[in-house]
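In: Here is my input; please provide its structure:
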Amino acid sequence: MNGFPRVALVTGSGRKRVGNVVAEALARRGFAIALHYRSSESEAAETVERFQASGWPCRAYQADVADEVQVAKMFRGVAEFFGRLDVLVTCASVWEPGNWREVVASELQRQWEINTLGTALCCLEAGRIMTAQPEGGVIVAVGDWAIERPYPSYFSYFVSKGAIPTLTRALAVELARENPRIRVNAVLPGPVMLPENLSQPEIQGAVAGTLLKRPGQPENVAQAVLSFIDNDYVTGVCLPVDGGRTIAGTR
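Out: Here you go, the predicted model:
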């Protein structure tokens with residue numbers, strides 16, 4: 001099945017997190033949406049129903065992004081159903097704390113497989129589709145501002161997210177050599193959707209560490225994604241969306 005003018009796949013978009021908000025922003029822009037989820041099947045089904053009720057073409061795909069076979073199957077399914085892929089946004093990730101003294105190989109591997117390997121596998125599959133399209137495409141990876149100033153208790157997470165800027169720049173170079181109409185950028189969010197289990201002191205610290213002295217919203221990430229799509233002369237860029245927290249001095 002094809003005939004869709006523009007198609008976007010957003011990983012980690014099944015449930016109400018940042019990816020879900022990004023997917024909705026793209027749907028409002030006229031993109032047909034391929035939702036991705038790993039375990040939140042019911043939430044993804046609800047999102048598909050909500051999008052379709054608004055007249056937005058949408059279909060959900062299940063995959064473990066750390067599994068090469070499952071990722072390839074998902075992208076193959078997207079290409080077969082929608083006929084093309086114009087935008088990939090990689091929002092699937094895991095953010096888990098841990099004392100550095102207690103870090104073991106399995107913890108490092110888990111976060112690396114989802115945050116680094118999963119992002120890379122999805123970007124590579126998207127690149128294979130986009131290089132064959134005359135129109136190319138846009139890939140937006142999602143990293144984290146705090147790789148520049150890591151905070152305590154998230155060693156394994158920062159190790160895994162630290163690769164995203166290099167992945168972004170390297171893939172921008174590789175894909176542009178084959179199709180100059182492919183652009184690869186990254187968004188590095190700050191406190192735009194703080195986890196519900198954070199303590200009040202942690203929330204206050206995250207906000208106080210910004211120059212703007214307020215939390216952001218998932219919509220701020222969606223706006224950055226849209227700007228990368230709109231501006232066709234930007235590639236290989238990693239954009240902090242963090243309220244100035246990267247440059248705000250030590251915590």
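In: those helices in the stretch 1-150 of the chain, which residues are they?
Out: Along the stretch 1-150 of the chain, the segments classed as helices by DSSP state H, counting those that start in this stretch run 18-28, 41-53, 68-82, 105-111, 118-131.
In: orientation of the last one relative to helix 68-82 in degrees?
Out: So the one you mean is helix 118-131. Helix 118-131 runs at 40 degrees relative to helix 68-82, counting by axes from the mean of the first three to the mean of the last three CA atoms, to 10 degrees.
In: what is the rounded mean pLDDT of helix 118-131?
Out: Mean pLDDT, helix 118-131: 98.
In: can you tell me which residues contact the closest residue to residue 144 other than its chain neighbours?
Out: Closest residue in space to residue 144, ignoring its immediate chain neighbours: residue 161 at 4.5 Å, by CB to CB, 6 or more residues apart in numbering. From N, CA and C alone the C-beta is placed, and that goes for glycine too. The contact partners of residue 161, taken as CB atoms under 8 Å, 6 or more residues apart in numbering, are 93, 115-116, 143-144, 146-147.
In: Need the residues you listed in CSV (columns: distance to residue 122 and neighbour count).
Out: Shown next, in CSV, are those (distance: CB to CB, whole Å; neighbours: other CB atoms under 10 Å):
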residue, distance to residue 122, neighbour count
93, 11, 24
115, 12, 29
116, 11, 19
143, 14, 25
144, 17, 24
146, 22, 24
147, 19, 19
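In: what about residue 8, how many residues close to it?
Out: 29 (other CB atoms under 10 Å).
In: Would you mind measuring from it to residue 30?
Out: Here the criterion is CB to CB, to the nearest Å. By it, residue 8 lies 10 Å from residue 30.
In: what's the spacing between residue 193 and residue 97?
Out: With CB to CB as the criterion, residue 193 and residue 97 are 17 Å apart.
In: neighbour count winner among these two?
Out: Between residue 193 and residue 97, counted using other CB under 10 Å, the more crowded position is residue 193 (17 against 12).
In: Phi, psi for that one please.
Out: Main-chain torsions, residue 193, degrees, to the nearest 10: phi -160, psi 80.
In: do the same with residue 182
Out: Backbone torsions of residue 182, given as degrees, to the nearest 10, read phi -100, psi 130.
In: Residue 129 is in contact with that one, correct?
Out: No - look at residue 182 against residue 129 with CB atoms under 8 Å: they stay out of range, at 10.0 Å.
In: Mutual contacts of the two, please.
Out: Overlap of the contact sets of residue 182 and residue 129 (by CB under 8 Å, 6+ apart) consists of residue 137.
In: Can you get me a residue count around the residue nearest to residue 147 when sequence neighbours are not counted?
Out: Leaving aside its sequence neighbours, residue 147 sits nearest to residue 162 (CB to CB, 6+ apart; 4.8 Å). Residues contacting residue 162 under the criterion other CB under 10 Å number 17.
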